[in-house]
Structure formats: structure tokens, C-alpha cells
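Chemist: below is the sequence, then the predicted model.
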Amino acid sequence: MTKTAETVWNNCLAFIQDNISTQAYKTWFEPIVAVKLTDNALSIQVPSQFFYEWLEEHYVQILKVALTRELGSTAKLVYVIRMENTYGNKAPFTEKIPSNQRTSVQSQEVSVPVKNKDPELKNPFVIPGIRNIKIDSQLNSNYNFDNFLEGDSNRLARSAGLAVANKPGGTSFNPLLIFGGVGLGKTHLAHAIGLEIKDKYPDKTVLYITAEKFSQQYADSTRNNTRNDFIHFYQIIDVLIVDDIQLLSGKTGTQDVFFHIFNHLHQIGKQVILTSDKAPVDMVDIEQRLLSRFKWGLSAELAHPDFDTRMAIIKNKLYRDGVEMPDEITTFLAENIKTNIRELEGAIISLIAHSSFNKQEVTLDLAQKIVENYVRNTKREVSIDHIQKVVSDYFQMDVETLQSKTRKRHIVQARQLAMFFAKKYTKASLASIGSQIGKRDHATVLHACRTVDNLFETDKQFRRYVEEIKQKLAN
Ligand code: ADP
Ligand code: MG
């Protein structure tokens, strides 16, 4: 078979996937496209300069090993950086529409001088009458980088955030769009970037605002005939952070004004940071021209944190609160609350509260009760005991019968099914499964698994058993 860029790359991917975490693989390798193979050089296309730098810094070794396996010791890797997604802020990207073709919406664009320090300027954050041009950033100092713990799930977003904080407006991550599910740290990270910028560049005007508040302000401004002041105000910001932009969905007026503000800021090299609970492709009722702006910079996802990150977050929280908790409990929390860091924190807080109000020790039992409030149908770890119980119940026999030495066919089958599911759903070795299911040896378990596989393929009735038991185990 002749080698193509694709086959070579797929083999590399298989090797890499086996050697790094799933999350890292998804983040850094799935987006890569193999584009060309010439002699011993494979060209791969990466989405941005940043991506390329990251790969070089963190994965060059494994890439080298993988590629050498495929193409021999003279193998070379060539990166092709796909530029359409990234834009240097100096690049001429604006669509120029001849004035006679402008739509009515676009013709409302107001061009204002940069840094308008006109004392008439009305600042929606300042009580009328007080002439104070210094803008309160609305940043929460608790949401900083120090306590935003790093993990595979947030590495890209976090490092992009740091890069932006080091050089606001000066990287290709403009806008920086942070997206991810509820409670995964979008707001925290957005504040952290803002705080870091304030720290490094005290003269820069940073403003954090939720999309909701932005919409309200805009609505007020149209009602009070101060739309231009509103726009002026936003156009003098150096770093604009808009949280939860999915909330602009359906609000065409606000989207329109935001579009103009965005264009203005972007054009003069100001930084825009956005968060959303969805990736741009999944946003609904947001105008296409705005969506396309969102895609100019970098979209970085905050994924679900892995176990280690969850543990680190719990430990850090306890440490900051000056509370100690047995490892058994922290592990239990980290194992059971997986998809929302806010809930993880909530569970810790309730645990502490319960134990201090009721003057009782934090026990695993209490932790279980509290976790149940957060995660409905908490999946318990399937144990071999549980599997034997479910299988014997299914065949209406007791566990002793299932384990007995009898050769009666239906009992043998039940036993084999229990072994099969134990292999499938637990990490136990064949030997350990055998010893727990009627003191059999590993060869018997292996034979059982093969028999079940065979019968599953050939026997309809048996297949139904497998499927129904699987259902029961999933409940
Ligand atoms: P979102 O805006 O995505 O809904 P938040 O930013 O409000 O989520 O985060 C929810 C909670 O989880 C906050 O209290 C935040 O401090 C905490 N949190 C999120 N990510 C991290 C992290 N990586 N390290 C520490 N705490 C985190
Ligand atoms: Mg938020």
C-alpha cells in the first residue's frame, strides 16, 4: 500500500493517542489536518501560530517518535499555519462596503475620534453629575490567575488568556472567545485576564460587563436618546470583556451596536475578550456578520475538568478556607461531581456548613447525602458483587447458586454472563474475577468471555439476555 499524508498521519495519531491524555489529544491533535507527503516530509495544517508554538513546545518529542516510526530516521515535519482564523490586529480585515451599497443598519455607524476625552461624555458606570472619566473596571479581584488552577481541560484557554494579558491587542487572539458549559470557569478566567492586564498596564482602561447588562444599558440609551454617548463610551475602552455573549441572541439592536463597537475597537488594536456557553457554530440567533467576527481570533474551550484538576480545585478551595477534610471525602467529591466546578465548590461549602452547624464530623455518609443533591442518579462504581447480584436477580436465582459448581446449563450461562460483565465493567484481572465468582481460575473466565461473545453473535435469545442485563447494570 502506498503511503499518503493521510495514512501516515493516521498512524501517527494512533500512536500519539495511546500516549497522551484524551483531553490533550482532542485539544491538540484532532484539529490537525495532514495536507501533504513528499519523500520523508509530512506537512500538517494547524489552526494558528499559537497552536504551532504549543505543539513545538509540548509535543515535539512525541511527534518525532511517531513520525520516525512511519517514515524512518530522516522524517521531517512541516507545519502549515492556516491563517484564515487568526488575524494580526494590524491586518486590513474590515469589509469596506461602498457607501451607496450600505444597508440602513450599517449606515448608522458613527465614527468617533479615538480617545474622546470630551467632558460631555456620559459614562454609564458613573453617577450622572460626577465628572469622573476614570472607569471602574468592574473586576472581581477574587477571580485571578493564581487561583485559576490549570489542567488539561483549560490549558489552551488559560494560556491564551495569559498571552492576551501580556500583550492586550497585540496577539492574534483578538477577539479571544472563551466558551464552555455552565460553571466551568469562563467568568473566572475573563476576570483573571482583566486583572492581569490592570496589573501589568495600569493605564489601560479595562471594562468587564455581562452581555445582559450591556443590552440593558443600550436599551436605556435608546430610550433616553443617549445612544451616541453609549457608543462613545465603549469606544474609548482599551480592553473590553463581554461575558455570556450568547445572551445577545435574538437582540438585533444590541447586536448591531455591539458590531460597530467591536469593529471600532478591533480596528484600532484594542483587545476584545468574549465568553459564551456555546461554540460560535452552535450560537443561534446571532447575526452572521457578528459570528464571523467572533471567529477572527481564537476560540478556546473550557472542557470538563479531569479528576486531577477536580482534586486540585477542591484542595485549593479547602486550603483557602482553612478547612481540613479527610482524603476519602475529597476523593469522593472529585469522583462524583464532574461536570460543573461551581457545583463542586457548592458541595464543599455545604459540607463545611453542615458539619459546623450540626457540630458533626465530615463523614463519607454526609458527603454522599450532599452529593446526591448535586448529581441525580450518582453512578456508583460497578462492583463484581453488584454484577453477580444483578445477574442472579435477572435469572431469579441467588448468588450462591450462580457461584455453585453445578453444570446445569442456565446456571452456567448466568455465571458466564457475570464473568463477562465483570471483565467489561471493572478493571479487575481475569484471575481476580474468577476468584470472586465461585473460586474459578483465570482460564475459566477467559473461556466464559469467549462463550458469551460467540453466543451473543449466534443466539438471539442470549443476545437479549446480554442487552437486558446491560440495561439493568446501567440503572
Ligand atoms: P462559568 O462562568 O463558566 O459558568 P465560573 O467562572 O463562574 O463559571 O466558575 C464557577 C466556579 O468555579 C467559580 O467559583 C470559579 O472560581 C470556579 N472555577 C472554575 N474554574 C476553576 C479553576 N480552573 N480553578 C479554580 N476554580 C475554578
Ligand atoms: Mg459565567
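Modeler: Received it, and whenever you're ready, just let me know what you need. Ligands and ions are numbered 1, 2, ... in the order given.
Chemist: where does the chain dip in pLDDT?
Modeler: For the chain, the stretches with pLDDT under 70 are 1, 82-134, 376-381, 475.
Chemist: leaving out sequence neighbours, find the closest residue to the most centrally placed residue in it.
Modeler: Of all residues in the chain, the one closest to the mean position by C-alpha atoms, centre = their mean is residue 303, 1.5 Å from it. Of all residues not flanking residue 303 in the chain, residue 153 sits nearest, at 4.1 Å (C-beta to C-beta, 6 or more residues apart in numbering). C-beta coordinates here come from the backbone N, C-alpha and C atoms, glycine included.
Chemist: next one: residue 148
Modeler: Residue 148's closest residue in space is residue 192 (C-beta to C-beta, 6+ apart), at 5.2 Å.
Chemist: I'd assumed residue 141 was in contact with the one you found.
Modeler: No: using C-beta atoms under 8 Å, residue 192 is not in contact with residue 141; the gap is 10.0 Å.
Chemist: neighbour count: those two, which is higher?
Modeler: Of the pair residue 192 and residue 141, residue 192 is the one with more neighbours under other C-beta atoms under 10 Å, namely 24 against 8.
Chemist: assumed that one was part of a strand.
Modeler: No: counting by DSSP: H, G, I helix; E, B strand; the rest coil, residue 192 is not part of a strand but helix.
Chemist: check contacts around it.
Modeler: Residue 192 sits next to 143-145, 148, 161, 165 when contact means C-beta atoms under 8 Å, 6 or more residues apart in numbering.
Chemist: Throw the residues you listed into JSON lines and include secondary structure and distance to ligand 1, thanks.
Modeler: Shown next, in JSON lines, are these (DSSP: H, G, I helix; E, B strand; the rest coil; distance: C-beta to the nearest ligand atom, whole Å):
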{"residue": "143", "secondary structure": "coil", "distance to ligand 1": "6"}
{"residue": "144", "secondary structure": "coil", "distance to ligand 1": "10"}
{"residue": "145", "secondary structure": "coil", "distance to ligand 1": "10"}
{"residue": "148", "secondary structure": "coil", "distance to ligand 1": "5"}
{"residue": "161", "secondary structure": "helix", "distance to ligand 1": "11"}
{"residue": "165", "secondary structure": "helix", "distance to ligand 1": "16"}
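Chemist: give me the neighbour count for the residue in the chain positioned nearest to ligand 1.
Modeler: Residue nearest to ligand 1 within the chain: residue 185 (2.6 Å; C-beta to the nearest ligand atom). Neighbour count for residue 185, taken as other C-beta under 10 Å: 24.
Chemist: all numbers from here: first residue = 786
Modeler: With 786 as the first residue, the last one maps to residue 970.
Chemist: residues contacting the nearest residue to it once chain neighbours are set aside?
Modeler: Nearest non-adjacent residue to residue 970, counting by C-beta to C-beta, 6+ apart: residue 1087, 5.3 Å away. Counting by C-beta under 8 Å, 6+ apart, residue 1087 touches 938-939, 942, 963-966, 969-971, 974.
Chemist: in the sheet, who's paired with residue 1087?
Modeler: For residue 1087, the beta-bridge partners under DSSP bridges are residue 965.
Chemist: does residue 1176 touch residue 1201 like I think?
Modeler: No: counting by C-beta under 8 Å, no contact exists between residue 1176 and residue 1201, whose distance comes to 9.6 Å.
Chemist: let me see the domain layout of the protein.
Modeler: The chain breaks down into these domains under automatic domain parsing: 790-883, 930-1087, 1092-1162, 1169-1259.
Chemist: could you export those as TSV, including distance to residue 921?
Modeler: Shown next, in TSV, are the domains of the chain (distance: least, C-beta to C-beta, whole Å):
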stretch	distance to residue 921
domain 790-883	26
domain 930-1087	8
domain 1092-1162	25
domain 1169-1259	52
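Chemist: buried deepest among these, which one?
Modeler: Stretch with highest mean neighbour count among the domains of the chain: domain 930-1087 (a mean of 19; mean count of other C-beta atoms under 10 Å).
Chemist: not including adjacent chain positions, what is the nearest residue to the one residue in the chain that gets nearest to ligand 2?
Modeler: The minimum distance from the chain to ligand 2, using C-beta to the ion, falls at residue 972 (3.2 Å). Distances taken as C-beta to C-beta, 6+ apart put residue 1028 closest to residue 972, at 5.7 Å, once the chain neighbours are dropped.
Chemist: show me what contacts the spatially closest residue to residue 1085 that is not a sequence neighbour?
Modeler: Nearest in space to residue 1085, with sequence neighbours left out and distances taken as C-beta to C-beta, 6+ apart, is residue 942 at 3.8 Å. Taking C-beta under 8 Å, 6+ apart, we find residue 942 in contact with 963, 965, 974, 1085-1087.
Chemist: again, only using 10 Å
Modeler: 812, 933, 961-965, 969-971, 974, 978, 1060, 1083-1088 (C-beta atoms under 10 Å, 6 or more residues apart in numbering).
Chemist: how far does stretch 989-999 stretch from one end to the other?
Modeler: For stretch 989-999, the first-to-last residue distance is 20 Å (C-alpha to C-alpha, to the nearest Å).
Chemist: pull the distance from it to the chain's centre.
Modeler: Computed by C-alpha atoms, centre = their mean, to the nearest Å, the chain-centroid distance of stretch 989-999 equals 23 Å.
Chemist: and stretch 1035-1043, by the same measure?
Modeler: Between the centre of stretch 1035-1043 and the centre of its host chain there is 27 Å, according to C-alpha atoms, centre = their mean.
Chemist: give me the three-state assignment for residue 1110.
Modeler: When classified by three-state DSSP, residue 1110 comes out as coil.
Chemist: and this protein, which residues reach ligand 1?
Modeler: By C-beta under 6 Å from any ligand atom, the residues of the chain that approach ligand 1 are 928, 932-934, 939, 965, 967-973, 1098, 1126-1127, 1130.
Chemist: now with 8 Å?
Modeler: 927-928, 932-936, 938-939, 943, 965-976, 1028-1029, 1060, 1062, 1087, 1090, 1094, 1097-1098, 1101-1102, 1125-1127, 1129-1130 (C-beta under 8 Å from any ligand atom).
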